[in-house]
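In: need coordinates for the below:
(2 chains)
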Amino acid sequence: MGSSTSPIIDLQDVSFRYPGAAEDTLRNVNLQIEAGDFTTVVGGNGSAKTTLCKTFNGLVPHYWSGDFSGVARVCGIDTFTSSVAELSSRVGYVYQDFMNQLVRPTVRDEVSFGPVNFGLADHAERTAEALEMLRITELSDRFVWQLSGGQAHLTALASVLAMRPEIVVVDEPVAELDPARALEIYQRLELLNREFGLTVVSIEHHAEFIAQFASSVVLMSQGSQVWHLPVDEAVYRSAELEDHGIPAPQIVQAAQRLGLQDTPRTVDSAVTALGAAAPAVPTSSTTTPPDGEQNGSRPSPGPESSGPAAHREETPVAAVQSVSHGYKTVKNDLRMVLHDVDLEVRRGDRLALLGSNGSGKTTLLKLLAGISVPRSGEVVVDGVSTRSRSAGRLADHVAYIWQQPQQMFLKESIRGDVRLFPAGRGEKNVDSLVEDILHQVRLAEFADADGRTLSGGQQRRATLAIGLAMRPSVLLLDEPTASLDIASRDSVIAMLEQLSGSIACSVVATHDMTLVSEWANRVIVLDAGRIAADLSPRELFDQPELLRRAHLVPPQITQLGQQIGMSPAPLTVDEFVQRFRQEQPLGGDLVETERS
Amino acid sequence: MARRQRDVVSVEWVKLELIRAAYATRGGLFSRMDPRMVLLWYVIMAAAPWLTHNITVLAGLFALGAVSVALARVGPLLLLLFIVGLGLETIYILAVALLFGGNAETAVALLELTLKLGAVSTASMAAFVSLDPEKLSDALLSLRAPALLAFAVSYGYRMLPILVEEFNTVFDNYRIRSAPPARHGFLGIRTLVHWVKMAVLSFYPIFLNTAQSVRTTVESLETRGFTYATVDQRGRDIRLGYLKVTALDICVVATTAVLVLLAYLAGDQWPLMRRDFMSG
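Out: Have a look, this model is predicted:
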């Protein structure tokens, strides 16, 4: 990327080796980022994206003092002869685990921490300004442990903005946030970039965010830079990106399969591109919806029917009967989380529990697991009321998988963790059961490792193994795909798919719409502690109002289908392409001459 | 016995009580004072009992401590712990006195110590319930304590609710996945042992998880000038700018000093010493 002005970040032949490591983590990186750019750093696990970004604010090599060679200039300063303190006023860094970055009790303290430490007389104005820039002034007096994930991330961002940096580095914001909130973070970053000329560097796995917001993309592989390209060119190299663990956005996949030359970066531009090519897509709902089998779910239901209704006579595996529940707050008020909820979960249900943060998903799961009992109402699992047994005894019927895998690792090895339950209940053949399960989740080779040392995807599979070893009728999972990169997420979804044979029914609380469209056969939407809808995934995506209320973003391909008038909306790229072709008068691919 | 949702004597309750104690959400007299003056007040109250063996004085100081606890609106959890502690102490004193062939004098000597500890404990509760960690940390900083200690106080409190939450989760995991004892045992002793064992074991995963997450915290502190502030004075001046001694502070400390003095005078007037209990 040639330019006459000198770049704001300029790395020349930078290599770095962590103290005690056998080989270099960064290898001869040459990277130039222009001021005012919105750059995304992509690459598979272990490609040193985070280490690269830590060279910008001097953490490498000043805090991590390993072997550093080459020259890194940031804002014209040679980082090697500078210090973390000096560079920090120019480069802000928001961590992937941003919760650990918050060190002060209240939001205002947190944001003013940097300016006060550096003794800046205008610390109060800076704090107010940073809070205002992100529109979180009303959170000022909250305690940091009261914040939701999205609010905590904005607070972390505000705390670095208060230093009025020229560059902000954001490490995988999507990892710990739900998609709607991640989108919001990106929109605010875009605003800062456009209006204040802030240079933004983000580390990202999700191609749809890259395509929509970045202006250039850096691909890293094994510590070296593969290329640095403007986003249009980068997105077009979808095969190469896919090799590095970044599957192309669904709209790009669809456009390429349909033979479009341009690569659309947003759903809107895809609509325009397709619209120009195919002005007359039928909008009536009389079009036969395709068979649902391509996405692994049952045949798609009509507008009236809903799958679970077919089994209505059968006794439910789990039942929630007019349950209300709530917690005491610090001020000693009772805050109700669930209001008079009725729900029956039947054999074969693959139920996705949706809703924004605080809508009561986790509470409902914990009530189903018998970890707590409701203030009023009854929860019955396998015919047993949760009031009549201790949580330990209920574990024979129902297994609950926590959202944070490391909180489930009690023993020094994965094998020990999987063994704990069956061995304690005096099951026969515990050893072979444990080995079978470890094979099933493909963790046999890591059986003796401590769960904490595994990668994110492996940790999830390990917790699945722990749940399976309990041999429950009902499996409950809290956000099983959160904070996973796309490859690991797909493997967890595939695993859930396989497991459905050995479990009567599963309930998954999630924000992940890919999980919903590819795995679930029933969806419950919780809104402010009440069940707002009970329907099939396909029906869900046809209700934009409901989605908005629950802070859900449908998959891109579903949005695209809706916007060009497909009803019911498609759930997968395959389905979209197939139906798009059917609905074309000529039934073929778009011909190039149709584009002007 | 059917299970029910409990709002007291549960892990959740302990967590809320800790937060309430730490952040002085109940208000109270001392929470309106300058934190340095609260520390001064505390020094007076905590030192006074150690300068005498006169039980009259100690009783007066204990009463003063009890009044402070009421004024500071100390929460039920701390009070419960205090009373249980004091009760156990009393039983222990009697047991020791009897078992080791002691007599009334031994018991009285130990009682005197209990009274001292009680007076100090009540003052401690009143002071620290009223100082939220930020104020305490600023007071320490202003009194030239090391910056790291001042920060550790405030950071420790920020982590507290999170650690209790984490403990709750890990403990739930043990509760669900480890086998409960087949029989409860005499007076449920087996179950009790099982629970204590789980509670202790729960710390192992928490330590490991915390060790992992603290790395980010330390880096973040570095980037946001924490080390810089320990060298550069300006940050300290800004942080402590709001501290101001008011009439209320002087009034409370003066009143306390007078009352302590009165307790000593009363002790002088009507002394009650250990030897008075000696037989014969």
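
In: which bits of the stretch 51-200 of chain B sit near chain A?
Out: B:132-134, B:154-155, B:157-158, B:161-162, B:166, B:169-170, B:172-180 (Cβ under 8 Å from any Cβ of the partner chain). Bear in mind the C-beta positions are built from the backbone N, C-alpha and C, glycine included.

In: just the buried subset of those residues, written out for ChimeraX, thanks.
Out: The buried residues among these can be selected in ChimeraX (16 or more other Cβ atoms under 10 Å in any protein chain shown) with this line:
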select /B:132,133,134,154,155,157,158,161,162,166,169,170,172,173,174,175,176,177,178,180
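
In: and the helix or strand A:Leu475 falls within, what's buried?
Out: Using DSSP states H and E, A:Leu475 sits within strand A:474-478. Across strand A:474-478, burial judged by 16+ other Cβ under 10 Å covers A:474-478.

In: chain center to that strand, what's the gap?
Out: 18 Å (Cα atoms, centre = their mean, to the nearest Å).

In: CA atoms only for whichever helix or strand comes after that strand - export them in CSV, please.
Out: Later in the chain than strand A:474-478, the nearest helix or strand by DSSP H and E is helix A:486-499. Output of helix A:486-499 as CSV, limited to C-alpha atoms (Å, rounded to 0.1, in the frame of the first residue of the first chain):
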residue,chain,number,x,y,z
ILE,A,486,-15.2,-20.7,13.5
ALA,A,487,-13.5,-24.0,12.9
SER,A,488,-13.8,-24.9,16.6
ARG,A,489,-17.4,-23.8,16.6
ASP,A,490,-18.2,-26.0,13.7
SER,A,491,-16.7,-28.9,15.3
VAL,A,492,-18.7,-28.4,18.5
ILE,A,493,-21.9,-28.1,16.5
ALA,A,494,-21.0,-31.3,14.6
MET,A,495,-20.4,-33.0,18.0
LEU,A,496,-23.8,-31.9,19.3
GLU,A,497,-25.3,-33.3,16.1
GLN,A,498,-23.7,-36.7,16.8
LEU,A,499,-24.7,-36.8,20.4
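
In: helix A:486-499 - contacts with which helices or strands?
Out: The contact analysis (3 or more Cβ pairs under 8 Å, 6 or more residues apart in numbering or on different chains; DSSP states H and E) places helix A:486-499 against helix A:456-469, strand A:505-509, helix A:513-518.

In: for the last one, buried residues please.
Out: Residues of helix A:513-518 classed as buried under the neighbour-count rule (16+ other Cβ under 10 Å) are A:513-518.

In: which parts of the stretch 301-450 of chain A are strands?
Out: A:318-328, A:334-345, A:350-354, A:376-381, A:384-385, A:398-401 (DSSP state E, counting those that start in this stretch).

In: closest to chain B out of those?
Out: strand A:318-328 (5.4 Å; Cβ to the nearest Cβ).

In: report the angle between that closest one and strand A:474-478.
Out: 40 degrees (axes from the mean of the first three to the mean of the last three Cα atoms, to 10 degrees).

In: contacts for strand A:318-328?
Out: A:334-345, A:360, A:363-364, A:367-368, A:372, A:374-382, A:398, A:474, A:505, A:507, B:5, B:7, B:12-13, B:16 (Cβ atoms under 8 Å, 6 or more residues apart in numbering or on different chains).

In: buried stuff in that strand?
Out: Per 16+ other Cβ under 10 Å, strand A:318-328 contains these buried residues: A:318-321, A:323, A:325-328.

In: ok, stretch A:137-145 next?
Out: Neighbour-count burial for stretch A:137-145, counted by 16+ other Cβ under 10 Å, picks out A:139-140, A:142-145.

In: same deal with stretch B:249-261?
Out: For stretch B:249-261, by 16+ other Cβ under 10 Å, it's B:249, B:252-253, B:256, B:259-260.

In: same check, this time on stretch A:75-95
Out: Residues of stretch A:75-95 classed as buried: A:75, A:77, A:79-80, A:82, A:84-95 (neighbour count, 16+ other Cβ under 10 Å).

In: again with stretch A:34-52
Out: Result for stretch A:34-52 [16+ other Cβ under 10 Å]: buried residues A:34-44, A:47-52.

In: same question, stretch A:184-204
Out: Within stretch A:184-204, the residues scored as buried using 16+ other Cβ under 10 Å are A:184-186, A:188-189, A:192-193, A:198-204.

In: swap in stretch B:198-217?
Out: With burial defined by 16+ other Cβ under 10 Å, the residues of stretch B:198-217 counted as buried are B:198, B:202, B:205-206, B:209, B:213, B:216-217.

In: what's the answer for stretch A:334-343, then?
Out: A:337-338, A:341, A:343.

In: in JSON lines, list the residues you listed along with pLDDT.
Out: Shown next, in JSON lines, are the buried residues of stretch A:334-343 (pLDDT from 0 to 100):
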{"residue": "A:Val337", "pLDDT": "90"}
{"residue": "A:Leu338", "pLDDT": "94"}
{"residue": "A:Val341", "pLDDT": "95"}
{"residue": "A:Leu343", "pLDDT": "95"}
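
In: please, which helix or strand holds the residue nearest to A:Ser140 when sequence neighbours are not counted?
Out: Distances taken as Cβ to Cβ, 6 or more residues apart in numbering or on different chains place A:Arg108 nearest to A:Ser140, at 4.3 Å, with adjacent residues excluded. According to DSSP H and E, A:Arg108 maps onto helix A:107-117.

In: and the gap between the closest residue to chain B within the stretch 151-300 of chain A and A:Ser15?
Out: Here the stretch 151-300 of chain A gets closest to chain B at one residue, A:Ser159, 7.1 Å apart by Cβ to the nearest Cβ. Noted for A:Ser159: a distance of 31 Å to A:Ser15, by Cβ to Cβ, to the nearest Å.

In: these two: who's more crowded?
Out: A:Ser159 (29 against 17; other Cβ atoms under 10 Å in any protein chain shown).
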